[in-house]
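**Student:** Next come a sequence and a model predicted from it.
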Amino acid sequence: MLRVRFAFPALVIAGLVSVGCASKHEEGVKSTYLWQTAFVQADTKTTTEAARAVLEEKELKDVTASSTNVDGSAMGKKANGAVVKVTVNKEGTGSNVKVGVGTLGDPEVGAEIAKMIKNRAEMSGTNTTGMNTTGTNRNTTMERTTETTTERRANP
C-alpha cells in the first residue's frame, strides 16, 4: 500500500512534466521552451536566406548567415545582447529549422521567428528541386483569367 501511495504522485508529476515540455505556439511550430522547430518545404539555401532576411527584418544586430546544400545557420543579437541562433538541416524533401533565443530561451519570440522563416522560405518560389514554382506560371494564369473576364464583359 505504501508503494502505491508514492507511485501515484510520481506518475502524475511525470505526466505533467512530459506534457509541459513540448508545446505549440505558432501553427506549424513546435517548442521545447529552449528551441522552436518547424519543417519548411524549401531547400537549405533558400531557408537559410529566409532566416537571414527575417533576422534583419526584426532589426537584430550583427546578422550573419551561411549555408550549404545539406545545412545552414543564421545568427543575430537582440539589443540586450541575447543571441538568436537559427540552424537549418536538410530533412527529406525540405528543411528542419531550429530557433533558439538567448541562453534560457524565449518561446514566444522563437516561435514567431520560426513561423516567419517558414512562411518566407515557402513563398520564395523555390521548391526542393530548385525549380521555380511561382511567379511566371501564376501571373500568366491570372493574366489569362483577367483577359477572359474582360473579353466576356466587352462581348456579351
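**Tutor:** Good, I have the coordinates. Residues are numbered from 1 along each chain as shown.

**Student:** residues touching Ile113, list them.
**Tutor:** When contacts are counted by CB atoms under 8 Å, 6 or more residues apart in numbering, Ile113 is found next to Gln36, Val54, Leu55, Lys58, Val84, Val86, Val99, Val101. Just so you know, the C-beta spots here come from the backbone N, C-alpha and C atoms, and that holds for glycine as well.

**Student:** Where does the nearest residue to the second one once chain neighbours are set aside sit, in terms of helix or strand?
**Tutor:** Excluding the flanking residues, the one nearest Val54 by CB to CB, 6 or more residues apart in numbering is Met116, at 4.6 Å. Remark: Met116 resides in helix 107-123, with elements defined by DSSP states H and E.

**Student:** tell me the helices in this protein, going along the chain?
**Tutor:** For the chain, helices defined by DSSP state H occupy the ranges 2-21, 44-57, 107-123, 136-154.

**Student:** CA atoms only: put the third one into CSV for me.
**Tutor:** If I follow you right, that is helix 107-123. Only the C-alpha atoms of helix 107-123 are listed here, as CSV (Å, rounded to 0.1, in the frame of the first residue of the first chain):
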residue,chain,number,x,y,z
PRO,A,107,9.5,30.5,-26.8
GLU,A,108,7.2,33.3,-28.0
VAL,A,109,9.9,35.2,-29.9
GLY,A,110,11.5,31.9,-31.1
ALA,A,111,8.1,30.6,-32.4
GLU,A,112,7.4,33.9,-34.1
ILE,A,113,10.8,33.9,-35.9
ALA,A,114,10.4,30.2,-36.9
LYS,A,115,7.0,30.9,-38.4
MET,A,116,8.2,33.9,-40.3
ILE,A,117,11.2,31.9,-41.7
LYS,A,118,8.8,29.1,-42.7
ASN,A,119,6.4,31.5,-44.5
ARG,A,120,9.2,33.4,-46.2
ALA,A,121,11.1,30.3,-47.4
GLU,A,122,7.9,28.6,-48.7
MET,A,123,6.8,31.7,-50.5
